[in-house]
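S.K.: Quick one, structure for this:
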Amino acid sequence: MDIRITKTTAPKVKPPDAELGFGKFFSDHLFAMDFTVEKGWHDARIQPYGPFQLDPAAGVFHYGQAMFEGSKAFRGNDGHIRMFRPEMHAKRMAIGAPRLCMPTPSEAQMTEAVRALVKVDSDWVPKSEGTSLYMRPTLIGTEGFLGVRPATKYLYFVIASPAGNYFGGKGLKSVRIWVETHDVRAPRGGLGATKAGANYAASLLSAMTAKKAGFDQVLWLDGKDHEFVEEVGTMNVCFLIGNTLVTPPLSDSILAGVTRDSVLTLAKELGFGVEERPISIKEIRAAHQAGTLKEVFGTGTAAVISPVGELAFGGEQLTINGGQPGPVAQKLYEEIGAIQRGARPDTHGWLQMID
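M.R.: Numbers count the residues shown, from 1 in each chain. I've put the predicted structure just below:
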(Lines give C-alpha, C1' and ligand atoms only; values in the text may rest on other atoms or scores of the structure.)
Protein backbone atom coordinates (compact mmCIF):
# COMPACT_ATOMS: atom_id res chain seq x y z
CA MET A 1 0.00 0.00 0.00
CA ASP A 2 1.41 3.36 -1.08
CA ILE A 3 0.92 5.77 1.84
CA ARG A 4 1.36 9.50 1.30
CA ILE A 5 2.83 11.14 4.41
CA THR A 6 2.40 14.81 5.35
CA LYS A 7 4.14 15.70 8.61
CA THR A 8 2.76 18.30 11.00
CA THR A 9 4.50 21.65 11.22
CA ALA A 10 3.19 22.25 14.74
CA PRO A 11 3.99 19.23 16.98
CA LYS A 12 2.05 19.01 20.23
CA VAL A 13 3.60 19.05 23.67
CA LYS A 14 3.57 15.49 24.96
CA PRO A 15 1.98 14.96 28.40
CA PRO A 16 3.95 13.31 31.22
CA ASP A 17 3.28 9.57 31.52
CA ALA A 18 1.79 10.08 34.99
CA GLU A 19 -0.97 12.30 33.55
CA LEU A 20 -2.07 10.12 30.63
CA GLY A 21 -5.25 8.40 31.81
CA PHE A 22 -7.23 6.97 28.90
CA GLY A 23 -8.37 8.75 25.73
CA LYS A 24 -7.41 12.24 26.92
CA PHE A 25 -4.57 13.04 24.52
CA PHE A 26 -3.97 12.39 20.83
CA SER A 27 -0.79 12.13 18.79
CA ASP A 28 0.35 14.47 16.03
CA HIS A 29 -0.95 12.49 13.06
CA LEU A 30 -3.72 10.24 11.80
CA PHE A 31 -4.09 7.73 8.98
CA ALA A 32 -6.97 8.06 6.52
CA MET A 33 -8.17 6.29 3.37
CA ASP A 34 -11.31 6.79 1.28
CA PHE A 35 -13.70 4.41 -0.46
CA THR A 36 -16.03 4.98 -3.40
CA VAL A 37 -17.82 2.40 -5.49
CA GLU A 38 -15.95 3.63 -8.57
CA LYS A 39 -12.40 3.65 -7.12
CA GLY A 40 -12.57 1.22 -4.24
CA TRP A 41 -10.16 2.03 -1.39
CA HIS A 42 -7.77 4.80 -2.39
CA ASP A 43 -5.70 7.82 -1.26
CA ALA A 44 -4.01 6.19 1.72
CA ARG A 45 -2.40 8.98 3.71
CA ILE A 46 -0.94 10.03 7.01
CA GLN A 47 -1.70 13.65 7.80
CA PRO A 48 -1.64 16.03 10.78
CA TYR A 49 -4.31 15.21 13.38
CA GLY A 50 -7.35 17.43 12.93
CA PRO A 51 -11.08 17.61 12.11
CA PHE A 52 -12.69 16.00 9.05
CA GLN A 53 -15.18 17.87 6.90
CA LEU A 54 -18.32 15.74 6.45
CA ASP A 55 -21.61 16.31 4.67
CA PRO A 56 -24.42 16.96 7.20
CA ALA A 57 -26.38 14.18 5.46
CA ALA A 58 -23.53 11.64 5.81
CA GLY A 59 -24.72 8.10 6.51
CA VAL A 60 -22.79 7.92 9.76
CA PHE A 61 -24.98 10.65 11.24
CA HIS A 62 -28.37 9.35 10.17
CA TYR A 63 -28.10 5.58 9.81
CA GLY A 64 -25.38 4.71 12.27
CA GLN A 65 -22.85 3.25 9.85
CA ALA A 66 -19.93 3.44 12.26
CA MET A 67 -17.66 0.90 13.88
CA PHE A 68 -14.21 0.90 15.42
CA GLU A 69 -11.37 -1.23 16.78
CA GLY A 70 -8.79 -0.74 19.49
CA SER A 71 -5.23 -2.09 19.67
CA LYS A 72 -2.03 -1.07 21.41
CA ALA A 73 1.67 -0.46 20.82
CA PHE A 74 4.14 -0.86 23.70
CA ARG A 75 7.66 0.35 24.34
CA GLY A 76 9.69 -2.36 26.03
CA ASN A 77 12.50 -1.94 28.52
CA ASP A 78 14.84 -2.51 25.56
CA GLY A 79 13.41 0.61 23.87
CA HIS A 80 11.83 -1.36 21.00
CA ILE A 81 8.17 -0.85 20.08
CA ARG A 82 5.87 -3.84 19.71
CA MET A 83 2.22 -4.14 18.71
CA PHE A 84 0.00 -6.76 20.32
CA ARG A 85 -2.01 -8.88 17.88
CA PRO A 86 -2.90 -6.08 15.41
CA GLU A 87 -3.81 -8.61 12.71
CA MET A 88 -6.53 -10.09 14.96
CA HIS A 89 -8.09 -6.65 15.42
CA ALA A 90 -8.02 -6.13 11.64
CA LYS A 91 -9.66 -9.51 11.11
CA ARG A 92 -12.41 -8.67 13.61
CA MET A 93 -13.23 -5.44 11.77
CA ALA A 94 -13.27 -7.27 8.44
CA ILE A 95 -15.66 -9.88 9.86
CA GLY A 96 -17.92 -7.36 11.60
CA ALA A 97 -18.29 -4.66 8.93
CA PRO A 98 -20.57 -6.66 6.59
CA ARG A 99 -23.18 -6.73 9.39
CA LEU A 100 -23.38 -2.95 8.90
CA CYS A 101 -23.17 -3.27 5.09
CA MET A 102 -19.78 -1.56 5.07
CA PRO A 103 -16.68 -2.43 3.03
CA THR A 104 -13.29 -2.54 4.72
CA PRO A 105 -9.74 -2.34 3.44
CA SER A 106 -8.07 -5.75 3.38
CA GLU A 107 -6.84 -7.15 6.68
CA ALA A 108 -3.27 -6.63 5.46
CA GLN A 109 -4.00 -2.99 4.58
CA MET A 110 -5.62 -2.29 7.96
CA THR A 111 -2.67 -3.83 9.80
CA GLU A 112 -0.24 -1.85 7.65
CA ALA A 113 -2.16 1.38 8.31
CA VAL A 114 -1.87 0.96 12.08
CA ARG A 115 1.81 0.03 11.85
CA ALA A 116 2.56 3.01 9.61
CA LEU A 117 0.95 5.47 12.04
CA VAL A 118 2.86 3.97 14.97
CA LYS A 119 6.11 4.43 13.03
CA VAL A 120 5.36 8.07 12.21
CA ASP A 121 4.29 8.85 15.79
CA SER A 122 6.73 6.49 17.49
CA ASP A 123 7.89 9.20 19.88
CA TRP A 124 4.32 9.22 21.26
CA VAL A 125 4.67 5.66 22.57
CA PRO A 126 5.16 6.24 26.34
CA LYS A 127 7.96 4.54 28.27
CA SER A 128 6.57 3.84 31.75
CA GLU A 129 5.34 0.39 32.72
CA GLY A 130 1.57 0.11 32.37
CA THR A 131 1.42 2.66 29.53
CA SER A 132 0.89 2.21 25.80
CA LEU A 133 -0.07 3.95 22.59
CA TYR A 134 -3.73 3.07 22.06
CA MET A 135 -4.72 2.86 18.39
CA ARG A 136 -8.33 3.48 17.33
CA PRO A 137 -9.10 2.33 13.74
CA THR A 138 -12.54 3.62 12.73
CA LEU A 139 -14.85 3.09 9.75
CA ILE A 140 -17.74 5.43 8.88
CA GLY A 141 -20.20 6.04 6.05
CA THR A 142 -19.56 9.48 4.52
CA GLU A 143 -21.92 9.74 1.54
CA GLY A 144 -24.45 12.53 1.91
CA PHE A 145 -27.99 11.23 1.32
CA LEU A 146 -31.34 10.61 2.97
CA GLY A 147 -33.07 7.29 2.47
CA VAL A 148 -32.45 4.09 4.40
CA ARG A 149 -29.74 2.21 2.50
CA PRO A 150 -25.99 1.63 2.83
CA ALA A 151 -23.74 4.52 1.88
CA THR A 152 -21.61 4.36 -1.26
CA LYS A 153 -18.70 6.33 0.23
CA TYR A 154 -16.68 5.50 3.35
CA LEU A 155 -13.74 6.70 5.36
CA TYR A 156 -11.34 4.43 7.24
CA PHE A 157 -9.10 6.28 9.66
CA VAL A 158 -6.79 5.56 12.58
CA ILE A 159 -6.01 7.87 15.49
CA ALA A 160 -3.54 7.26 18.32
CA SER A 161 -3.75 8.14 22.00
CA PRO A 162 -1.00 7.66 24.61
CA ALA A 163 -2.67 5.83 27.49
CA GLY A 164 -2.07 4.95 31.11
CA ASN A 165 -4.21 2.82 33.38
CA TYR A 166 -7.82 2.73 32.15
CA PHE A 167 -9.26 3.31 35.64
CA GLY A 168 -6.47 5.64 36.79
CA GLY A 169 -3.62 4.96 39.21
CA LYS A 170 -1.28 2.00 38.85
CA GLY A 171 -1.89 -1.72 38.69
CA LEU A 172 -5.22 -3.41 39.32
CA LYS A 173 -8.10 -2.21 41.42
CA SER A 174 -11.46 -3.88 41.91
CA VAL A 175 -14.65 -2.37 40.55
CA ARG A 176 -18.23 -2.49 41.81
CA ILE A 177 -20.69 -3.84 39.25
CA TRP A 178 -24.46 -3.49 39.00
CA VAL A 179 -26.26 -6.44 37.39
CA GLU A 180 -28.66 -4.98 34.81
CA THR A 181 -31.96 -6.90 34.74
CA HIS A 182 -34.01 -4.59 32.50
CA ASP A 183 -32.05 -2.95 29.69
CA VAL A 184 -30.09 -4.92 27.09
CA ARG A 185 -26.71 -4.16 25.54
CA ALA A 186 -27.32 -6.28 22.43
CA PRO A 187 -30.00 -8.91 21.71
CA ARG A 188 -29.40 -12.13 19.79
CA GLY A 189 -29.53 -11.37 16.10
CA GLY A 190 -28.35 -7.81 16.73
CA LEU A 191 -24.99 -6.04 16.54
CA GLY A 192 -23.38 -7.42 19.70
CA ALA A 193 -20.60 -9.30 17.91
CA THR A 194 -19.60 -6.16 15.99
CA LYS A 195 -17.80 -3.16 17.48
CA ALA A 196 -20.53 -0.88 16.19
CA GLY A 197 -20.90 2.56 17.71
CA ALA A 198 -24.58 1.75 18.25
CA ASN A 199 -23.70 -0.91 20.84
CA TYR A 200 -21.94 1.66 22.97
CA ALA A 201 -24.75 4.19 22.62
CA ALA A 202 -27.16 1.49 23.81
CA SER A 203 -25.04 0.88 26.91
CA LEU A 204 -24.71 4.48 28.09
CA LEU A 205 -27.99 4.90 29.99
CA SER A 206 -27.54 1.82 32.17
CA ALA A 207 -23.88 2.65 32.76
CA MET A 208 -24.70 6.20 33.83
CA THR A 209 -27.53 4.99 36.09
CA ALA A 210 -25.16 2.50 37.72
CA LYS A 211 -22.53 5.17 38.28
CA LYS A 212 -25.04 7.49 39.90
CA ALA A 213 -25.82 4.65 42.31
CA GLY A 214 -22.12 4.29 43.18
CA PHE A 215 -21.16 1.47 40.83
CA ASP A 216 -18.42 1.46 38.21
CA GLN A 217 -20.14 -0.48 35.45
CA VAL A 218 -22.91 -2.89 34.43
CA LEU A 219 -23.04 -6.67 34.07
CA TRP A 220 -25.15 -7.40 30.99
CA LEU A 221 -27.50 -10.37 30.86
CA ASP A 222 -29.14 -12.02 27.85
CA GLY A 223 -31.84 -10.08 26.06
CA LYS A 224 -34.53 -12.75 26.31
CA ASP A 225 -34.80 -13.89 29.92
CA HIS A 226 -32.17 -11.76 31.71
CA GLU A 227 -30.79 -14.98 33.08
CA PHE A 228 -27.46 -15.71 31.40
CA VAL A 229 -24.37 -13.51 31.62
CA GLU A 230 -23.08 -11.86 28.45
CA GLU A 231 -20.54 -9.07 29.06
CA VAL A 232 -19.43 -6.67 31.79
CA GLY A 233 -19.38 -3.02 30.77
CA THR A 234 -17.50 -2.97 27.46
CA MET A 235 -15.54 -6.12 28.27
CA ASN A 236 -15.82 -9.89 28.10
CA VAL A 237 -16.19 -11.48 31.54
CA CYS A 238 -14.63 -14.48 33.30
CA PHE A 239 -15.60 -16.31 36.51
CA LEU A 240 -13.13 -18.42 38.46
CA ILE A 241 -15.24 -21.19 40.04
CA GLY A 242 -13.02 -23.55 41.96
CA ASN A 243 -10.05 -24.11 39.67
CA THR A 244 -12.00 -23.52 36.45
CA LEU A 245 -12.24 -20.31 34.48
CA VAL A 246 -15.73 -20.00 33.00
CA THR A 247 -16.69 -17.45 30.34
CA PRO A 248 -19.83 -17.13 28.16
CA PRO A 249 -19.45 -18.65 24.68
CA LEU A 250 -19.11 -16.34 21.72
CA SER A 251 -22.33 -15.59 19.88
CA ASP A 252 -23.86 -12.87 17.72
CA SER A 253 -24.50 -10.87 20.91
CA ILE A 254 -20.99 -11.18 22.41
CA LEU A 255 -17.83 -9.59 21.02
CA ALA A 256 -14.92 -11.92 20.22
CA GLY A 257 -12.38 -10.18 22.44
CA VAL A 258 -8.69 -10.33 21.54
CA THR A 259 -7.75 -10.09 25.23
CA ARG A 260 -10.37 -12.76 26.01
CA ASP A 261 -8.67 -15.13 23.60
CA SER A 262 -5.26 -14.32 25.08
CA VAL A 263 -6.49 -14.87 28.66
CA LEU A 264 -8.06 -18.23 27.87
CA THR A 265 -4.87 -19.38 26.16
CA LEU A 266 -2.66 -18.33 29.09
CA ALA A 267 -5.07 -19.73 31.71
CA LYS A 268 -4.82 -23.17 30.12
CA GLU A 269 -1.02 -22.94 30.17
CA LEU A 270 -1.12 -21.98 33.85
CA GLY A 271 -3.01 -25.18 34.61
CA PHE A 272 -6.56 -23.89 35.00
CA GLY A 273 -9.58 -25.57 33.52
CA VAL A 274 -11.25 -23.36 30.92
CA GLU A 275 -14.92 -23.61 29.96
CA GLU A 276 -16.70 -21.53 27.34
CA ARG A 277 -20.35 -22.14 28.21
CA PRO A 278 -23.53 -20.36 29.28
CA ILE A 279 -23.42 -19.25 32.90
CA SER A 280 -26.47 -17.90 34.67
CA ILE A 281 -26.70 -15.31 37.41
CA LYS A 282 -28.32 -18.07 39.52
CA GLU A 283 -25.22 -20.25 39.13
CA ILE A 284 -23.00 -17.34 40.10
CA ARG A 285 -25.07 -16.71 43.24
CA ALA A 286 -24.98 -20.42 44.14
CA ALA A 287 -21.20 -20.58 43.65
CA HIS A 288 -20.79 -17.52 45.85
CA GLN A 289 -22.93 -19.09 48.57
CA ALA A 290 -20.93 -22.33 48.32
CA GLY A 291 -17.64 -20.44 48.56
CA THR A 292 -16.43 -21.66 45.16
CA LEU A 293 -16.69 -18.32 43.34
CA LYS A 294 -13.07 -17.23 43.76
CA GLU A 295 -12.74 -14.37 41.30
CA VAL A 296 -14.62 -12.38 38.67
CA PHE A 297 -12.89 -10.13 36.13
CA GLY A 298 -13.42 -8.44 32.80
CA THR A 299 -11.03 -8.69 29.86
CA GLY A 300 -10.51 -6.08 27.16
CA THR A 301 -7.90 -4.16 25.21
CA ALA A 302 -8.23 -0.89 27.10
CA ALA A 303 -8.05 -2.15 30.70
CA VAL A 304 -6.59 -5.64 29.92
CA ILE A 305 -7.91 -7.15 33.20
CA SER A 306 -10.52 -5.51 35.42
CA PRO A 307 -11.21 -7.39 38.68
CA VAL A 308 -14.76 -7.28 40.05
CA GLY A 309 -14.96 -6.88 43.81
CA GLU A 310 -18.73 -6.69 44.11
CA LEU A 311 -21.82 -7.75 42.14
CA ALA A 312 -25.11 -6.13 43.18
CA PHE A 313 -28.64 -6.96 42.08
CA GLY A 314 -32.12 -7.20 43.55
CA GLY A 315 -31.06 -5.77 46.89
CA GLU A 316 -28.32 -8.39 47.17
CA GLN A 317 -24.58 -7.75 47.15
CA LEU A 318 -22.01 -10.45 46.41
CA THR A 319 -18.53 -9.56 47.64
CA ILE A 320 -15.82 -11.41 45.71
CA ASN A 321 -12.39 -12.15 47.18
CA GLY A 322 -12.96 -9.64 49.96
CA GLY A 323 -13.48 -6.90 47.39
CA GLN A 324 -9.83 -7.10 46.30
CA PRO A 325 -8.14 -8.17 43.03
CA GLY A 326 -7.55 -11.92 43.08
CA PRO A 327 -4.25 -13.70 42.47
CA VAL A 328 -5.37 -15.22 39.16
CA ALA A 329 -6.44 -11.87 37.74
CA GLN A 330 -3.16 -10.39 38.97
CA LYS A 331 -1.12 -13.21 37.42
CA LEU A 332 -2.85 -12.96 34.05
CA TYR A 333 -2.48 -9.17 34.06
CA GLU A 334 1.23 -9.46 34.75
CA GLU A 335 1.76 -12.23 32.18
CA ILE A 336 0.01 -10.33 29.37
CA GLY A 337 1.78 -7.10 30.29
CA ALA A 338 5.19 -8.81 30.31
CA ILE A 339 4.56 -10.35 26.88
CA GLN A 340 3.39 -7.01 25.48
CA ARG A 341 6.55 -5.26 26.70
CA GLY A 342 8.84 -8.01 25.43
CA ALA A 343 9.83 -9.03 28.97
CA ARG A 344 8.48 -12.58 28.48
CA PRO A 345 9.00 -14.88 25.48
CA ASP A 346 6.30 -14.47 22.84
CA THR A 347 5.62 -18.17 22.30
CA HIS A 348 2.36 -17.53 20.40
CA GLY A 349 3.57 -15.01 17.82
CA TRP A 350 1.33 -12.31 19.25
CA LEU A 351 3.79 -9.43 18.85
CA GLN A 352 4.76 -7.44 15.78
CA MET A 353 7.97 -5.44 16.00
CA ILE A 354 7.72 -1.84 14.84
CA ASP A 355 11.38 -0.86 15.15
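S.K.: wait, isn't residue 132 in contact with residue 161?
M.R.: No - using CB atoms under 8 Å as the test, residue 132 is too far from residue 161 to be in contact (9.4 Å). Heads up, the C-betas are built off the backbone N, CA and C, glycines and all.
S.K.: How many neighbouring residues does residue 248 have?
M.R.: For residue 248, the count of nearby residues is 22 (other CB atoms under 10 Å).
S.K.: I meant residue 19, not that one.
M.R.: Using other CB under 10 Å: residue 19 sits among 10 other residues.
S.K.: who are the neighbours in contact with it?
M.R.: Neighbouring residues of residue 19 by CB atoms under 8 Å, 6 or more residues apart in numbering: residue 164.
S.K.: Mind doing that once more with 10 Å?
M.R.: Residues in contact with residue 19 (CB atoms under 10 Å, 6 or more residues apart in numbering) are 25, 162, 164.
S.K.: So between residue 132 and residue 161, which is more surrounded?
M.R.: residue 132 (27 against 19).
S.K.: Give me the nearest residue to the more buried one, chain neighbours excluded.
M.R.: Leaving out its chain neighbours, the residue that sits closest to residue 132 by CB to CB, 6 or more residues apart in numbering is residue 72, at 4.2 Å.
S.K.: Over to residue 42?
M.R.: Counting by CB to CB, 6+ apart, the residue nearest residue 42 is residue 34, at 6.0 Å.
S.K.: rewinding a little: which one of the contacts of residue 19 sits in the busiest neighbourhood?
M.R.: residue 162 (25 neighbours).
S.K.: got any ranges where this protein has weak pLDDT?
M.R.: 167-170 (pLDDT under 70).
S.K.: Look at residue 265 and give its secondary structure.
M.R.: helix (DSSP: H, G, I helix; E, B strand; the rest coil).
S.K.: Please list all residues in contact with it.
M.R.: So residue 265 contacts 274, 347, 348, 350 (CB under 10 Å, 6+ apart).
S.K.: related to what we said a few turns ago, if I look at residue 132 and residue 161, which residues touch both of them?
M.R.: Common neighbours of residue 132 and residue 161 (CB under 10 Å, 6+ apart) are 20, 22.
S.K.: ok, now how distant is the residue nearest to residue 132 from residue 133?
M.R.: 7 Å (CB to CB, to the nearest Å).
S.K.: okay, and the common contacts of these two?
M.R.: 83, 118, 125, 160, 163.
S.K.: Assess the claim that the last one and residue 126 are in contact.
M.R.: Spelled out, that is residue 163. Yes - contact status for residue 163 versus residue 126: in contact at 7.9 Å, counting by CB atoms under 10 Å.
S.K.: OK, contacts around the closest residue to residue 253 other than its chain neighbours?
M.R.: Leaving aside its sequence neighbours, residue 253 sits nearest to residue 192 (CB to CB, 6+ apart; 3.5 Å). Residue 192 makes contact with 99, 184-186, 199, 202, 220, 223, 230-231, 251-255, according to CB under 10 Å, 6+ apart.
S.K.: So how do I select the buried members of the residues you listed in ChimeraX?
M.R.: Buried residues within these, by 16 or more other CB atoms under 10 Å, are selected in ChimeraX with:
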select :184,185,186,199,202,220,223,230,231,251,253,254,255
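S.K.: From the centroid of this protein, which residue is nearest?
M.R.: residue 301 (4.3 Å; CA atoms, centre = their mean).
S.K.: Report the spatially nearest residue to it, omitting neighbours in sequence.
M.R.: residue 70 (4.6 Å).
S.K.: Relative to residue 270, how far out is the one you found?
M.R.: 26 Å.
S.K.: So if I had to pick from those two, which one is more boxed in?
M.R.: Neighbour tally, residue 70 and residue 270, criterion other CB under 10 Å: the higher count belongs to residue 70, 19 against 13.
S.K.: Mind naming the longest helix for the chain?
M.R.: Taking DSSP state H as the criterion, the chain has its longest helix at helix 197-212.
S.K.: counting contacts, what elements does that helix pack onto?
M.R.: strand 66-68, strand 132-141, strand 175-180, strand 217-221 (3 or more CB pairs under 10 Å, 6 or more residues apart in numbering; DSSP states H and E).
S.K.: what would those strands look like in CSV with distance to residue 312?
M.R.: Output for the helices and strands packed on helix 197-212, formatted as CSV (distance: least, CB to CB, whole Å):
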stretch, distance to residue 312
strand 66-68, 30
strand 132-141, 30
strand 175-180, 5
strand 217-221, 9
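S.K.: distance between the ends of stretch 338-349?
M.R.: Chord length of stretch 338-349, first to last residue, is 14 Å (CA to CA, to the nearest Å).
S.K.: Can you list the buried residues in it?
M.R.: Result for stretch 338-349 [16+ other CB under 10 Å]: buried residues 339, 340, 341, 342.
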